[in-house]
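Asker: Sharing a sequence plus its predicted fold:
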Amino acid sequence: MPWPARILDRLLALLGRLPLPLLHALGAILGALLAAMPGTRAVRITRRNLELCFPAEDSAFRRRLYWASFREMGKAILELAKVWGRAPEHALAFVREVEGEALLDQALAAGRGVIIAAPHLGGFELLNLWLCRKTSLAIVYRPPTAAWMEPLLLAVRGRLGAIQVPAEGAGLRKLYRQLQAGAAVGILPDQRPRWGEGVFAPFFGLPTYTMILVSRLAQRTGAPVLIAWAERLPRGHGYAVRIRRAPEEIHAEDLPLSVAALNRGIEEAVRTALPQYQWSYKRFSHLPPGETRPRY
C-alpha cells in the first residue's frame, strides 16, 4: 500500500476510537466550516444542484437544506473512521434497525440473485458491510482519481469478502455470473455514466443522463431490484438500514421506461432523508438534445 494510503489508514484507526456521537458532532462542525468557504467546488455544485432540483421552493428552504447537507457531508467524512478504521463487527454494531430485510431474504431465496441499487445516500460504505453479512456481494466501482487511494479502498471494502468489479467489459461479465449464482450485486445507480452507457430520464424533474447498467442486468437476468441505504440516526445514535422494492417498471423492455423507474425509486429514497444525499456531485452536467445552456 503506498505511504499516503498507509498514513490515512492509520489516521482512520486512531479516529475510530472516538465515540460515534462525538465523530458526528465533530463532522457537523467540519461540514459547517466547509459550507462557509465561498467559491469552493463543493459549495458551487451544491448550491446549483439545489437550485436545479427545488426551483419551486423558496430560498429559505434551499438555504436550510444547503447547511444541513454540509453537516451531513462532514459526518460522512468522519464516520469513515468507524467504518474503515475499525473491525467490521464494531461498525455493524451501530446498525440499530433494519427496514425491509424480508424483501432481501425473499429475493435471495428465489435464487435469481438480487440487484442492490444503493444511491449516494447516508452511510453507503456501512451498507456494503451489512450486505456482506447477508450474502456474497459484488460491487461495481471506478478507480479513484488519486491512484494511491485504490489499494486502501480495495482493502477496506473487501474485508468481509466483497467482490470488487471494475466498471468495464470484463468486470461486468462477473456481475452476470454473480446473479446467475443467486448472489447479490451492488451498484451506485446515481453515478454519472460515460457517454454511450446511459439514457436521459427524469430525476427531480430534470432530464438526467442515467446509467443503463441496472436496467440491462434486470432485463437479462430477471433478478429483482431493491433500493437500499443506511440512514444516519440523530445525535450519533447509529444507522437504520432501509430496503425497498424498485418500481416494477424497472423490468420493462422499454429502456427509457425502465431507467425512469430506477430514477423514480432513487428520488423517493432521497426524499426520505434529503440532507443525507450527496448534493455536491455534478449529477446533471450532461445535457439532453435541444438543451444548450450549461447547467453548471
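Answerer: That came in fine, so what should we check first?
Asker: all strands of this protein, in order?
Answerer: For the chain, the strands defined by DSSP state E cover 95-99, 114-117, 137-141, 163-166, 184-187, 198-203, 206-211, 225-232, 239-245.
Asker: List the buried residues of stretch 104-115.
Answerer: By neighbour count with 16 or more other Cβ atoms under 10 Å, stretch 104-115 contains the buried residues 104, 107, 108, 113, 114, 115. For the C-beta atoms, the positions are set from N, CA and C on the backbone; glycine is no exception.
Asker: Next: stretch 165-184.
Answerer: Using 16+ other Cβ under 10 Å as the test for burial, stretch 165-184 gives 165, 167, 172, 174, 175, 176, 178, 179, 182, 183, 184.
Asker: Out of those, the closest to residue 248 would be?
Answerer: For the buried residues of stretch 165-184, the residue nearest residue 248 by Cβ to Cβ is residue 179; the value is 18.5 Å.
Asker: these two touch, right, that closest one and residue 223?
Answerer: Yes: if you go by Cβ atoms under 8 Å, residue 179 and residue 223 touch, sitting 4.8 Å apart.
Asker: Need the residues touching each of the two.
Answerer: Counting by Cβ atoms under 8 Å, 6 or more residues apart in numbering, the shared contacts of residue 179 and residue 223 are 112, 113, 114, 115, 185, 217.
Asker: Surely the first one touches residue 222?
Answerer: The one in question is residue 112. Yes: with contact defined as Cβ under 8 Å, residue 112 and residue 222 form a contacting pair (5.4 Å).
Asker: Which elements pack onto the longest helix seen in the chain?
Answerer: Longest helix of the chain, by residue count under DSSP state H: helix 59-83. Here helix 59-83 touches helix 3-15, helix 20-35, helix 41-53, helix 88-92, helix 124-134, strand 225-232, going by 3 or more Cβ pairs under 8 Å, 6 or more residues apart in numbering; DSSP states H and E.
Asker: now with 10 Å?
Answerer: Applying 3 or more Cβ pairs under 10 Å, 6 or more residues apart in numbering; DSSP states H and E, one finds that helix 59-83 makes contact with helix 3-15, helix 20-35, helix 41-53, helix 88-92, helix 124-134, helix 149-157, strand 225-232.
Asker: Burial-wise, tell me which of the ones you listed comes out on top.
Answerer: strand 225-232 (a mean of 25; mean count of other Cβ atoms under 10 Å).
Asker: what's the least confident helix or strand in this protein, going by average pLDDT?
Answerer: Within the chain, confidence by mean pLDDT, DSSP states H and E is lowest for helix 169-180 among all helices and strands, at a mean of 86.
Asker: for that one, packing partners?
Answerer: strand 114-117, strand 137-141, strand 163-166, strand 184-187, helix 213-221.
Asker: Could you check the angle that helix makes with strand 137-141?
Answerer: 150 degrees (axes from the mean of the first three to the mean of the last three Cα atoms, to 10 degrees).
Asker: Can I get helix 169-180 in PDB, CA atoms only?
Answerer: Extracted C-alpha coordinates of helix 169-180, given in PDB (Å, rounded to 0.1, in the frame of the first residue of the first chain):
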ATOM      1  CA  GLY A 169     -16.500  -5.100 -20.000                       C
ATOM      2  CA  ALA A 170     -14.600  -8.000 -18.400                       C
ATOM      3  CA  GLY A 171     -15.700  -6.900 -15.000                       C
ATOM      4  CA  LEU A 172     -19.400  -6.600 -16.000                       C
ATOM      5  CA  ARG A 173     -19.400 -10.200 -17.100                       C
ATOM      6  CA  LYS A 174     -18.600 -11.100 -13.500                       C
ATOM      7  CA  LEU A 175     -21.900  -9.400 -12.400                       C
ATOM      8  CA  TYR A 176     -23.900 -11.700 -14.600                       C
ATOM      9  CA  ARG A 177     -22.200 -14.700 -13.200                       C
ATOM     10  CA  GLN A 178     -22.800 -13.400  -9.700                       C
ATOM     11  CA  LEU A 179     -26.500 -13.100 -10.300                       C
ATOM     12  CA  GLN A 180     -26.700 -16.500 -12.000                       C
END
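Asker: Great, nothing more from me.
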